[in-house]
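A.B. asks: Show me the folded form of this:
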Amino acid sequence: MMGTTATTMMMITMGTTTTGMITMVARKRRAPALPVVIPLLLLPKPERSVAHAAPLAVQSPLLQPRPRPLPQPRPLLPPRLPRPPHPVSLPLCKTMYTWTTACPQTANTYGIECPPMFWGANMQDQITDAVHNSNASHVMGFNEPDLSSQSNLSPQDAAQLWKDYMLGFKSLGKQLVSPATTAGGLQWFDDFLTALGGLPASQIDVIAVHWYGTDFTDFQNYVNSWKKYGKNIWVTEMACQDFSGQGKWCSMDDIQSLMSQAMAWMESDPQIEKYFWFAPMRDMTNVNPLNCLMTIGGPNDGQPTSLGWYYVSN
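C.D. replies: Below you'll find the model as predicted:
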């Protein structure tokens, strides 16, 4: 597993991180989601973040893949770019997350915000401790609660956990990022809000969105469908990947085209605050590996691919 601040999800390794930790780096939009897996950095617009710019490490430790079950554009930067001899800070990357309450030392080293995530049930103690010890301005909600292989929460159970824990973090000055459902989760989210007593009662500050597909217009339409809540949006997972069962397989040209169109649009939309590309990871699980933002093996192991360089540099 990017004016206005836009965040991009990206898994490129940035600096040294704890082995086994997977992170996402976000990009910040120009205006104002990484151990060998680059954390996806969230990038706010005008200042991109990990889901976009974060320090890149020449070498990264091998991280375990994110526990995800099997279930145009501007030209890319040339593939042969100079590799920095030391970690460097790319100003567009300002945010990252790990799908957990933990953050790599890289975040502190490079001043990258790393909001903890209340991934699902049975994490109450971890999220409480993490939030009280975190300098991050946000706390992220449940991961794909509408999917049985992910946090798997009913709207009612999720609402109770939200009331018992997430709402209390507002007293600490934290902003709340909504649960991130799958592409079929709009009804789940509406039921979740109903169980909470409405959007105002939820005290949600940011809507998190996941999208996987192959068509830019479909991506636009889907993200726009979440604007009805009137909140800023973080696209915390996205990639050129067809899960519809129709057998569409994105070529590298397809991926480059989708990324460049999506980035240009998100950078220009003031309501899209951050975005993360999936991902800078060694194991892309069931996502087309051509989306990977990190080189695997060889002399440039752990460095961004040409796609990764485009993502963190534009």
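A.B. asks: pLDDT weak spots in the stretch 51-200 of the chain?
C.D. replies: Across the stretch 51-200 of the chain, the ranges flagged by pLDDT under 70 are 51-91.
A.B. asks: And the helices in it?
C.D. replies: With DSSP state H, counting those that start in this stretch applied, the stretch 51-200 of the chain shows helices at 105-110, 124-132, 155-164, 186-196, 199-202, listed in chain order.
A.B. asks: Which among those helices is found nearest to Gly298?
C.D. replies: Closest to Gly298 of the helices of the stretch 51-200 of the chain, according to Cβ to Cβ: helix 105-110, at 22.6 Å. All C-beta atoms are positioned from the backbone trio N, CA, C, and that covers glycine.
A.B. asks: Show me which positions of the closest one end up buried.
C.D. replies: By 16 or more other Cβ atoms under 10 Å, the buried positions in helix 105-110 come out as Thr106, Ala107, Tyr110.
A.B. asks: Tell me how far the last one lies from Gln303.
C.D. replies: Tyr110 sits 17 Å away from Gln303 when distances are taken as Cβ to Cβ, to the nearest Å.
A.B. asks: same thing with the first one?
C.D. replies: Using Cβ to Cβ, Thr106 is found at 15 Å from Gln303.
A.B. asks: now swap in the second one and tell me
C.D. replies: When Cβ to Cβ is applied, the distance between Ala107 and Gln303 equals 20 Å.
A.B. asks: next one: Asn286
C.D. replies: Relative to Gln303, and taking Cβ to Cβ, Asn286 is found at 24 Å.
A.B. asks: now do Gly111
C.D. replies: 22 Å.
A.B. asks: and these two? which has more neighbours close in?
C.D. replies: Neighbours of Gly111 and Gln303, each counted by other Cβ atoms under 10 Å, are more numerous for Gln303; the result is 23 against 10.
A.B. asks: mind checking pLDDT for the residue nearest to that one when sequence neighbours are not counted?
C.D. replies: Spatial nearest neighbour of Gln303, chain neighbours left out: Thr295 (4.9 Å); criterion: Cβ to Cβ, 6 or more residues apart in numbering. You'll see Thr295 listed with a pLDDT of 92.
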